[in-house]
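# give me a 3D structure for the following:
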Amino acid sequence: QLQLVESGGGLVQPGGSLRLSCTYSGVPLDYYGIGWFRQAPGKEREGVSCVSSSGGYTNYTNSVKGRFTMSGNHAEMTFYLQMNSLKPEDTGVYSCAAGYEMTDRGCPPKYHAWGQGTQVTVSS
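Numbering: from 1, shown residues only. Alright, predicted model coming up:
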């Protein structure tokens, strides 16, 4: 059974950095892309970034471009979200998800498995 587990969240001051990890187990995901999502209190979940199945394509929401970077690969069964220059508006529960994507040219159109999430709080 596929399981995704996030880690690396915490409390950080504005301008600081965190690196989130998404580790999966249970089934091989070679044809799956990975996405990062976040949900702030009282707001809907939003997509933050994604990577295609073989890493040939990545995308970021406008508010994090230039500050966040996805990395990792299926060989390690771990993907990362490096978050720099954090702002209070980046606060939320961050979750990773896996979705079928075999073209390596885009984000998964839908996601089939989700992790439980890790809390990120940016505050002074």
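# which ones are touching residue 3?
Residues counted as contacts of residue 3 (CB atoms under 8 Å, 6 or more residues apart in numbering) are 24, 25, 26, 113, 115. (Glycine included, C-beta is placed from N, CA and C.)
# for residue 90, see how far away it is.
For residue 3, the distance to residue 90 equals 26 Å [CB to CB, to the nearest Å].
# what do you get for residue 20?
The gap separating residue 20 from residue 90 is 11 Å, by CB to CB.
# which stretch of helix or strand covers residue 120?
Residue 120 is part of strand 118-122, with elements assigned from DSSP states H and E.
# distance from that strand to the middle of the chain?
Taking CA atoms, centre = their mean, to the nearest Å, the mean C-alpha location of strand 118-122 is offset from the chain mean by 13 Å.
# does residue 38 touch residue 89 like I think?
No - here residue 38 does not reach residue 89: they are 10.2 Å apart, not a contact under CB atoms under 8 Å.
# ok, the residue positioned nearest the centre of the chain - contacts?
Nearest residue to the geometric centre of the chain (CA atoms, centre = their mean): residue 36, 2.4 Å. By CB under 8 Å, 6+ apart, the contact set of residue 36 is 20, 22, 47, 48, 49, 50, 70, 81, 94, 95, 96, 97.
# that one - nearest residue in space that isn't next to it in sequence?
Leaving aside its chain neighbours, residue 36 sits nearest to residue 48 (4.4 Å; criterion: CB to CB, 6 or more residues apart in numbering).
# now do that neighbour against residue 27, distance only.
Distance from residue 48 to residue 27, counting by CB to CB: 24 Å.
# same question, residue 78
For residue 78 relative to residue 27 (CB to CB), the value is 15 Å.
# next: residue 117.
Residue 117 is 21 Å from residue 27, where distance means CB to CB.
# which one of those two is surrounded by more residues?
Legend: neighbour count by other CB atoms under 10 Å for residue 117 and residue 27, higher for residue 117 (19 against 12).
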